[in-house]
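Student: Task: produce atomic coordinates for the following.
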Amino acid sequence: MNSPIPPTPVPAPPAARPAPSYRALGWLLAVPALLGTLITLVLPTVQTIVLSLHSGGVLQPSRFVGLDNYGKVLGGEEFWRALGFTLSLTVGPLLVAVVVGPLLALALDRGGAPLRRAGLAVLSLAIVTFSPIGVAAAWLRGTSPDGPGIATLAEGLRDPATAPGTLRLVVVAATFGVVCALALTAFLPALRGGTAGRATAVVAVLVALATVAVGAQAFTIGMALTRGGPERATQTLAGLQYDYAFRMAQFGPGAAVAALTGVLLGVLGIVAVVVAVAARLRVTVLPKRARGGAFPDSPGGRAGAGGGVVGGVVALVLVVVVGVVCAWPWIAGVLAGGDGAASGGLRAQVNTWVPAVAGALVSVGVAYLAALGIGGLRPLGARSEWLLLPFAPWLFVGTGPLGVADWQNMRNLRLVDTFFALFPPLLVSVPALLVLTLLCKGLAERNDRDFFGGVLLPSLPMAGVLAGAVTLVNAQDVLWPLLVAQSPELFTVPVAQMGRLGGLHGVPDAGASTPLLVVAVALAAVVAAQLRYLDRLAVSVNGSRPARTSP
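Tutor: The predicted structure follows:
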């Protein structure tokens, strides 16, 4: 018998080659953001600290005084009163953001897609029309004998005993609509992220930190309505910094207040980034076919249609009614009109919107490149999100805490009172960097296509959304153009309105900073973004996945 032929051994398959590494490209894409952060955030922060250790300023020679300015600021009553009052201004908007926001999101999600979309569309109007200086101009009409409706509450701003409480009410009323709209946009994606409870909790922490940080830098409404008075009863941290540095020309104490504010903001930013990264937070885009109704794993996918719709309608109507009542002083101010010439005319609109758009395109564009590198190409693998930590101290920092140093740099470059100075001094938007990185991370993890089709194209609309948001924020800023523009020909609309408030040269038009053309274009863009893109976002944590993950 022939012996069986032994089988020919099958060679082991060669070890799979690793996919081509794009880590070097990821690092390269992050370089512009690193340089922008170094130039426009880190160096001005260092300059602010150095200025806080010196006395003098524009009118006197500078000399080193060590910690004397901090002793002066921390040892006086003004700083602590301003800190306490500033934080108290955040309480109302904070409650709206973390209580009304998630409840409204839950109610609309249970009501189904048509009601959810209606709510997003209606509340979008609050985003595009929000103007702090316009609100202040409208509320000041309440101090006149024929003041409209609830605007007569502004009478309380004249008495030191009632001014703080009155200003708190004004801030809550002025921000109610926009805070509800932004909170709704943040919480709805958490309800369809696979683990709605945990995702909502993490989003609530981030929203709360952001609300406090924005409130800590409040300047426009308080400065326009009370200028810190009467008897400094409504002084904010930003107002105190402005008074020291630019009214009294004492750069040292002003920089000390800025540095202390920066420490607070830095802590909030670091906590926010650590929470997001430690929770393994990610954002992704659900497929278009999921838009037709409530998402399967969201409360809206499980609730009965009748009860969910009724509850959603009641919640939306209630929020809209409260929003209209709170916004009535502004609405009445817009309907009443005003002295259009007092708001600067066409030249002021150009000064307002050209730098705002250009600044947004640059800062968000740089952030987007870094997000593609960090979140999409993953240069450190699963630990790549920790690369956001070096940016974290400036996550919530606006132009205010760096204003003293930035103004000095503009003066040294002889750019003060030039059109170029109107451009925002920040080259990178750190909030946009965080959001876009988490989105690119989510897209990269679920991606079964190439980088271009699976990460870049789906994230590009979010970059556009954030660029639009930053444009609106830049256009409504008062502090920076107020510092660098002395000639009336260079005034932005908010600065022109600020200059006319309380003067004898005519009442500025409360709607001048939100012209009809801009509102129409912005509203169309925001509604389209809400319905066609933002309504498909899902936020998940700890590796949980949304119900539908196919691209």
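
Student: Now do the strands for the stretch 151-300 of the chain: every range, in order, please.
Tutor: 282-285 (DSSP state E, counting those that start in this stretch).

Student: any low-confidence regions in it?
Tutor: 289-300 (pLDDT under 70).

Student: how about the helices of it, start to end?
Tutor: Taking DSSP state H, counting those that start in this stretch, the helices of the stretch 151-300 of the chain run over residues 163-190, 196-216, 220-225, 237-242, 251-278, 299-302.

Student: The ones you listed: which one's closest to Val135?
Tutor: helix 163-190 (4.3 Å; Cβ to Cβ). C-beta here means a position set from N, CA and C on the backbone, and glycine is covered the same way.

Student: how far does that closest one sit from the chain's center?
Tutor: 13 Å (Cα atoms, centre = their mean, to the nearest Å).

Student: just stretch 33-48 next, same as before
Tutor: Centre to centre, stretch against its chain (Cα atoms, centre = their mean), the figure for stretch 33-48 is 19 Å.

Student: now stretch 190-202
Tutor: With Cα atoms, centre = their mean, you get 21 Å for stretch 190-202.

Student: now stretch 486-496
Tutor: 24 Å.

Student: Span of that stretch from start to end?
Tutor: 11 Å (Cα to Cα, to the nearest Å).

Student: May I see the buried residues of that stretch?
Tutor: Residues of stretch 486-496 classed as buried: Leu490, Phe491, Thr492, Val493, Pro494, Val495, Ala496 (neighbour count, 16 or more other Cβ atoms under 10 Å).

Student: Farthest pair within those residues?
Tutor: So, the buried residues of stretch 486-496 by Cβ to Cβ: farthest apart are Leu490 and Pro494, at 12.8 Å.

Student: can you list residues touching both of these two?
Tutor: Here Leu490 and Pro494 share the contacting residues Pro481, scored by Cβ atoms under 8 Å, 6 or more residues apart in numbering.

Student: Quick one: neighbours of the residue lying closest to Pro379 once chain neighbours are set aside, just the number.
Tutor: Leaving aside its sequence neighbours, Pro379 sits nearest to Gly26 (Cβ to Cβ, 6 or more residues apart in numbering; 3.7 Å). Gly26 has 21 neighbours, counted by other Cβ atoms under 10 Å.

Student: Gly26: which element?
Tutor: Under the criterion of DSSP states H and E, Gly26 resides in helix 23-37.

Student: If you count contacts, what does that helix end up packed against?
Tutor: helix 345-371 (3 or more Cβ pairs under 8 Å, 6 or more residues apart in numbering; DSSP states H and E).

Student: Residues contacting the helix or strand that comes right after the helix it packs on, please?
Tutor: For helix 345-371, the following helix or strand on the C-terminal side (DSSP H and E) is helix 403-412. Defining contact as Cβ under 8 Å, 6+ apart, one finds that helix 403-412 is touched by 44-45, 47-48, 51, 241-242, 245-246, 251, 254-255, 258, 399, 416, 421, 425, 479-480, 483-484.

Student: Quick one: list the elements packing against the helix or strand that helix 403-412 is followed by.
Tutor: Past helix 403-412, further along toward the C-terminus, the next helix or strand under DSSP H and E is helix 430-446. On a contact count with 3+ Cβ pairs under 8 Å, 6+ apart, helix 430-446 meets helix 251-278, strand 282-285, helix 345-371, helix 457-476.

Student: by how many degrees do the first one and helix 430-446 diverge?
Tutor: Here helix 251-278 runs at 10 degrees with respect to helix 430-446, directions being taken by axes from the mean of the first three to the mean of the last three Cα atoms, to 10 degrees.

Student: same thing with the third one?
Tutor: Interaxial angle of helix 345-371 relative to helix 430-446 (the same axes, to 10 degrees): 40 degrees.

Student: Name the residues of helix 345-371 that are buried.
Tutor: Neighbour count says helix 345-371 has 348-349, 351-353, 355-357, 359-360, 362-371 buried, by 16+ other Cβ under 10 Å.

Student: low-confidence ranges in the chain?
Tutor: Looking at the chain by pLDDT under 70, you get 1-21, 57-59, 145-148, 289-306, 337-344, 447-449, 502-507, 543-551.

Student: try 50
Tutor: 1-4, 7-20, 290-304, 504, 547-551 (pLDDT under 50).

Student: Which neighbouring elements make contact with the lengthiest helix in it?
Tutor: The helix that spans the most residues within the chain, counting by DSSP state H, is helix 305-336. Judged by 3+ Cβ pairs under 8 Å, 6+ apart, the packing partners of helix 305-336 are helix 101-110, helix 113-129, helix 132-140, helix 163-190.

Student: starting at the chain centroid, how far to that helix?
Tutor: 23 Å.

Student: now do stretch 492-501
Tutor: On Cα atoms, centre = their mean, the centre of stretch 492-501 falls 22 Å from that of its chain.

Student: same deal with stretch 253-266?
Tutor: 19 Å.

Student: Go through that stretch and flag the buried ones.
Tutor: In stretch 253-266, counting by 16+ other Cβ under 10 Å, buried: 253-262, 264-266.

Student: same check, this time on stretch 233-253
Tutor: 233-246, 250-253.

Student: and if you look at stretch 318-331?
Tutor: Buried, per 16+ other Cβ under 10 Å, within stretch 318-331: Val319, Val320, Val322, Gly323, Cys326, Ala327, Trp328, Pro329, Trp330, Ile331.

Student: contact partners of it?
Tutor: With Cβ under 8 Å, 6+ apart, stretch 318-331 has contacts from 100, 104, 122-123, 126, 129, 134-135, 138-139, 141-142, 148-151, 172-174, 176-177, 180, 510.

Student: Can you tell me which of these are buried?
Tutor: Buried among the contacts of stretch 318-331 by 16+ other Cβ under 10 Å: 100, 104, 122-123, 126, 129, 134-135, 138-139, 141-142, 148, 150-151, 172-174, 176-177, 180, 510.

Student: still on that earlier bit, how about the helices and strands packed on helix 430-446 in JSON lines, adding distance to Leu38?
Tutor: Formatted as JSON lines, these follow (distance: least, Cβ to Cβ, whole Å):
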{"stretch": "helix 251-278", "distance to Leu38": "16"}
{"stretch": "strand 282-285", "distance to Leu38": "27"}
{"stretch": "helix 345-371", "distance to Leu38": "12"}
{"stretch": "helix 457-476", "distance to Leu38": "20"}
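
Student: nearest to Ala163, of these?
Tutor: Of all the helices and strands packed on helix 430-446, helix 251-278 comes closest under Cβ to Cβ, at 21.1 Å.

Student: For stretch 465-472, which outside residues touch it?
Tutor: Residues outside stretch 465-472 that contact it (Cβ under 8 Å, 6+ apart): 127-128, 130, 353, 356-357, 359-361, 363-365, 367, 429, 431-432, 435-436, 522, 525-526, 529, 533-534.

Student: how does it look with 7 Å?
Tutor: Here stretch 465-472 makes contact (Cβ atoms under 7 Å, 6 or more residues apart in numbering) with 128, 356-357, 360-361, 363-364, 429, 432, 435, 522, 525, 529, 534.

Student: and these as TSV, adding distance to Leu89?
Tutor: Formatted as TSV, those follow (distance: Cβ to Cβ, whole Å):
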residue	distance to Leu89
Val128	23
Ala356	25
Val357	29
Ala360	26
Leu361	31
Ser363	26
Val364	28
Ser429	24
Ala432	25
Val435	25
Ala522	26
Ala525	30
Ala529	30
Leu534	28
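
Student: Can you check what angle separates the helix holding Gly26 from helix 430-446?
Tutor: Using the same axes, to 10 degrees, helix 23-37 lies at 170 degrees relative to helix 430-446.

Student: moving C-terminal of helix 23-37, what's the next helix or strand?
Tutor: Past helix 23-37, the next helix or strand by DSSP H and E is helix 43-52.
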